[in-house]
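Enquirer: quick one, structure for this:
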Amino acid sequence: MTQKLEIEPIGIVVGGRSEPTEDAWRGTAVIRLDAGFPVEVVQGLEEFSHLLVVWHFHRASQDDVALHARSPRNNPRWPSTGTFVHRNHRRPNQLAQSFPRLLRVDGLDLHVTDLDAVDGSPVYDLAPYFREMGPRGTVRQPGWPGEMLADYWAGTAD
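Expert: Numbering: from 1, shown residues only. So this is what the prediction gives:
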């Protein structure tokens, strides 16, 4: 039996890119947590270099959801793959995960870079990135994601 989950955003993305595009994500943004939270909710967060952020493709429509196989970015050079192989707004719940670098904490404002959410995106959860919670073992993937995302972070420093 499935259970429906209703959640409220814990914050919002402020600044950064105003329009979604496929590549060249760069610049800084602020994850502004809800003012109703006590500042202690971020105590100790500044000791971490990266965050795991769950956010919503709020500018997408449910009409964008595509429950079928298709070539990534509609490029026929790449294989037709199913909905859950893509990491875009065409997924049923239109949720995304990003791993931005945390630059600084200023009260309930988290200054980040390398966040591929746009200004106004609702943030539903975040946590520090723990290396120990990352993938275990050898990471395996086909060649097309590396080709497709070669310019995703174009213009940013490693």
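
Enquirer: tell me which helix or strand in this protein has the weakest average pLDDT.
Expert: helix 144-148 (a mean of 84; mean pLDDT, DSSP states H and E).

Enquirer: which residue is nearest the centroid of this protein?
Expert: S98 (2.9 Å; CA atoms, centre = their mean).

Enquirer: for the protein, just list every one of the strands.
Expert: 11-14, 28-33, 51-56, 95-98, 101-106, 109-113, 122-128 (DSSP state E).

Enquirer: just put these in a markdown table and tack on mean pLDDT and distance to D64.
Expert: In short, each C-beta sits where N, CA and C put it, glycine included. Formatted as a markdown table, those follow (pLDDT from 0 to 100; distance: least, CB to CB, whole Å):
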| stretch | mean pLDDT | distance to D64 |
| --- | --- | --- |
| strand 11-14 | 97 | 19 |
| strand 28-33 | 96 | 23 |
| strand 51-56 | 96 | 13 |
| strand 95-98 | 94 | 13 |
| strand 101-106 | 97 | 29 |
| strand 109-113 | 97 | 26 |
| strand 122-128 | 98 | 17 |
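
Enquirer: how about the ones you listed in JSON lines, adding distance to H86?
Expert: Output for the strands of the chain, formatted as JSON lines (distance: least, CB to CB, whole Å):
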{"stretch": "strand 11-14", "distance to H86": "21"}
{"stretch": "strand 28-33", "distance to H86": "23"}
{"stretch": "strand 51-56", "distance to H86": "16"}
{"stretch": "strand 95-98", "distance to H86": "11"}
{"stretch": "strand 101-106", "distance to H86": "24"}
{"stretch": "strand 109-113", "distance to H86": "24"}
{"stretch": "strand 122-128", "distance to H86": "20"}
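
Enquirer: fine by me, thanks again.
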